[in-house]
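Q: Okay, predicted coordinates and the sequence, questions at the end:
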Amino acid sequence: MKYDVIIAGGDSADVKIAMAALQAGKSCCLVAEGRLSGEGGRNAFAKAGGVLLLGDRISSVEWAEDGSVAAVHTANLDDERLVASVYVLAAGRFFTRGLVSDMQGISEPVFGTDVQFEPDRSKWCVEDFFAPQPFESFGVITDEDRHPLKNGKAIVNLYAAGEILAGGVDNIEEICRRIISA
């Protein structure tokens with residue numbers, strides 16, 4: 001299946017970007033494993049003609065020789081190649097599994113992008129439960145054009161948006177503009 005935009009979703013940024021793509025006349029597929037409270041936006045996206053793969057996740061990525069994304073596969077449609085001109089990583093952080101942690105550190109499991117985090121696990125949290133927690137600023141590292149880095153090199157047809165970004169940058173409107181102009 002071929003689309004203009006494929007979004008690896010998980011946080012509230014996914015549907016905002018997906019709707020902007022549809023409104024710009026682009027075909028869009030939103031892959032979202034989990035449910036958000038207030039599913040109205042995702043339902044509106046599907047009713048507007050978007051392809052919603054709810055309860056699915058990107059299980060593997062095909063890479064082009066230049067390091068760009070060539071296609072993705074999902075857990076439920078593994079035999080089907082999903083191809084797009086533009087891919088967006090808007091998978092949220094820990095609760096939605098956009099980022100995962102283990103004893104070695106924190107990683108982004110879909111595209112394997114570089115993640116900024118404190119290597120010393122004892123510094124991930126502070127004792128005051130209500131204080132800002134250091135782990136809340138961990139996230140995917142991008143270049144100035146919001147392309148995630150993988151081994152220090154930008155993935156030129158992939159954008160990162162929403163909570164998954166290092167430092168909690170709000171770039172949803174910026175990504176919408178970039179997708180529309182792509």
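A: Received, thanks. Residues are numbered from 1 along each chain as shown.
Q: The residue most central in space within the chain: helix or strand, and which one exactly?
A: In the chain, the C-alpha nearest the mean C-alpha coordinate belongs to residue 89, at 1.8 Å (CA atoms, centre = their mean). Using DSSP states H and E, residue 89 falls within strand 83-90.
Q: continuing past that strand, what's the next helix or strand?
A: Following strand 83-90 in sequence, per DSSP H and E, is strand 100-102.
Q: who does that following strand pair up with?
A: strand 105-107 (antiparallel) (DSSP bridges).
Q: quick one, helices of this structure?
A: Applying DSSP state H to the chain gives helices spanning 13-23, 40-47, 172-181.
Q: Which one of these lies nearest to residue 81?
A: helix 13-23 (19.7 Å; CB to CB). For the C-beta atoms, the positions are set from N, CA and C on the backbone; glycine is no exception.
Q: how about the helices of the chain in JSON lines, adding distance to residue 165 and mean pLDDT?
A: JSON lines is the format used below for those (distance: least, CB to CB, whole Å; pLDDT from 0 to 100):
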{"stretch": "helix 13-23", "distance to residue 165": "10", "mean pLDDT": "93"}
{"stretch": "helix 40-47", "distance to residue 165": "20", "mean pLDDT": "85"}
{"stretch": "helix 172-181", "distance to residue 165": "10", "mean pLDDT": "84"}
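Q: Return the most buried member of these.
A: Stretch with highest mean neighbour count among the helices of the chain: helix 13-23 (a mean of 23; mean count of other CB atoms under 10 Å).
Q: Which strands or helices does that helix pack on?
A: Contacts defined by 3 or more CB pairs under 8 Å, 6 or more residues apart in numbering; DSSP states H and E place helix 13-23 against strand 2-9, strand 28-32, helix 40-47, strand 83-90, helix 172-181.
Q: Which one of the helices of the chain lies nearest to residue 149?
A: helix 172-181 (16.1 Å).
Q: What is that closest one packed up against?
A: Using 3+ CB pairs under 8 Å, 6+ apart: helix 172-181 touches helix 13-23, strand 83-90, strand 158-160.
Q: swap the cut-off to 6 Å and go again
A: For helix 172-181, the elements it packs on are helix 13-23, judged by 3 or more CB pairs under 6 Å, 6 or more residues apart in numbering; DSSP states H and E.
Q: what's in contact with the helix it packs on?
A: The contact list for helix 13-23 (CB atoms under 6 Å, 6 or more residues apart in numbering) reads 5, 7, 28, 30, 41-42, 45, 48, 50, 88, 90, 161-162, 172, 175-176, 179.
Q: which residues of the chain score low on pLDDT?
A: By pLDDT under 70, the low-scoring segments of the chain are 34-39, 168-170.
Q: show me the contacts for the closest residue to residue 78 other than its chain neighbours.
A: Nearest residue to residue 78, sequence neighbours excluded (CB to CB, 6 or more residues apart in numbering): residue 59, at 6.3 Å. Neighbouring residues of residue 59 by CB under 6 Å, 6+ apart: 73-75.
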